[in-house]
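Chemist: Need coordinates for the below:
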Amino acid sequence: MSKFTITSLLILLSLTCLAQDPNRFAEEVDKIKGTETNYPSENRIVFTGSSSIRLWTDFKSYFPDHNVINTGFGGSETSDLIHYKEELVSNFKPEQVFIYEGDNDINSGKSSFEIFTDLTALVGELIIEDGIKNIVIISPKPSIARWSLKAKYEELNKVLEEVCAIWDEIQFVDVWTPMLNADGSLKKDLFIEDGLHMNKAGYDIWIEQIRPFLINP
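Modeler: Residues are numbered from 1 along each chain as shown. Sure thing, here's the model as predicted:
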């Protein structure tokens, strides 16, 4: 997709990308802000997004040979990440960015179009303003707690996969499908007690899907 096309799209989308009370994450983001000096400057890979990223507590052990940085924050929605883009992504000057958003957006009642709009605006800013040419969208995952919203998740993932296919700078990694059984039912042993967040078995599946997308260390 050309820079002209992206710029034009951003102008149209800017009218709809309004953050929902992003100040609720200010304290959490403050703990991340300024930590970029804690990491080597070469080949930085930022993983950011909502709590499925934030709760990846043994994150570095999964990618010991890569310069990975976890800036996940709370129960964030895509609009929150737009608001805190500088603190959570831009300031780290990454070579690659993995984004996990959309899960909480769906749960809050946003449509696939609204989520697509926010993610497109976010990605456009990362490409144009920050010059990041390698962005990976992690599909919203299935979960016990939100299984009743299955159809909405599937619709969004289809939209995201199709959109990523037309952007040279963006890839899509599907973590939804491998978290299901062959009959389409959910693998319920992948979650902790709340039925929403994953245990080690869940993250092991993510690792298998994500690893091929990582840039060389």
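Chemist: what's the following helix or strand after the helix or strand where residue 97 lies?
Modeler: For residue 97, the host element (DSSP states H and E) is strand 96-100. Counting by DSSP H and E, the next helix or strand C-terminal to strand 96-100 is helix 103-107.
Chemist: circling back to that earlier point, please name the strands paired to the strand holding residue 97 in the sheet, noting orientation.
Modeler: When pairs are called by DSSP bridges, strand 96-100 turns out to pair with strand 44-49 (parallel), strand 135-138 (parallel).
Chemist: Might you calculate how far it sits from the centre of the chain?
Modeler: Here the centre of strand 96-100 is set off from its chain's centre by 5 Å, with Cα atoms, centre = their mean, to the nearest Å.
Chemist: go on, stretch 35-46?
Modeler: For stretch 35-46, the distance to the chain centre is 18 Å (Cα atoms, centre = their mean).
Chemist: Restricting to C-alpha, output the longest helix along the chain in PDB.
Modeler: In the chain, with assignment by DSSP state H, the single longest helix is helix 112-128. Backbone C-alpha positions of helix 112-128 (Å, rounded to 0.1, in the frame of the first residue of the first chain) are rendered in PDB as follows:
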ATOM      1  CA  SER A 112     -15.300  -5.300  13.500                       C
ATOM      2  CA  PHE A 113     -15.400  -2.100  11.400                       C
ATOM      3  CA  GLU A 114     -14.700   0.100  14.400                       C
ATOM      4  CA  ILE A 115     -11.800  -2.100  15.500                       C
ATOM      5  CA  PHE A 116     -10.400  -2.300  11.900                       C
ATOM      6  CA  THR A 117     -10.600   1.500  11.800                       C
ATOM      7  CA  ASP A 118      -8.600   1.900  15.000                       C
ATOM      8  CA  LEU A 119      -6.000  -0.700  14.000                       C
ATOM      9  CA  THR A 120      -5.600   0.800  10.600                       C
ATOM     10  CA  ALA A 121      -5.000   4.200  12.100                       C
ATOM     11  CA  LEU A 122      -2.500   2.800  14.600                       C
ATOM     12  CA  VAL A 123      -0.600   0.900  12.000                       C
ATOM     13  CA  GLY A 124      -0.600   3.800   9.600                       C
ATOM     14  CA  GLU A 125       1.000   6.000  12.300                       C
ATOM     15  CA  LEU A 126       3.600   3.400  13.000                       C
ATOM     16  CA  ILE A 127       4.600   3.100   9.300                       C
ATOM     17  CA  ILE A 128       4.500   6.800   8.400                       C
END
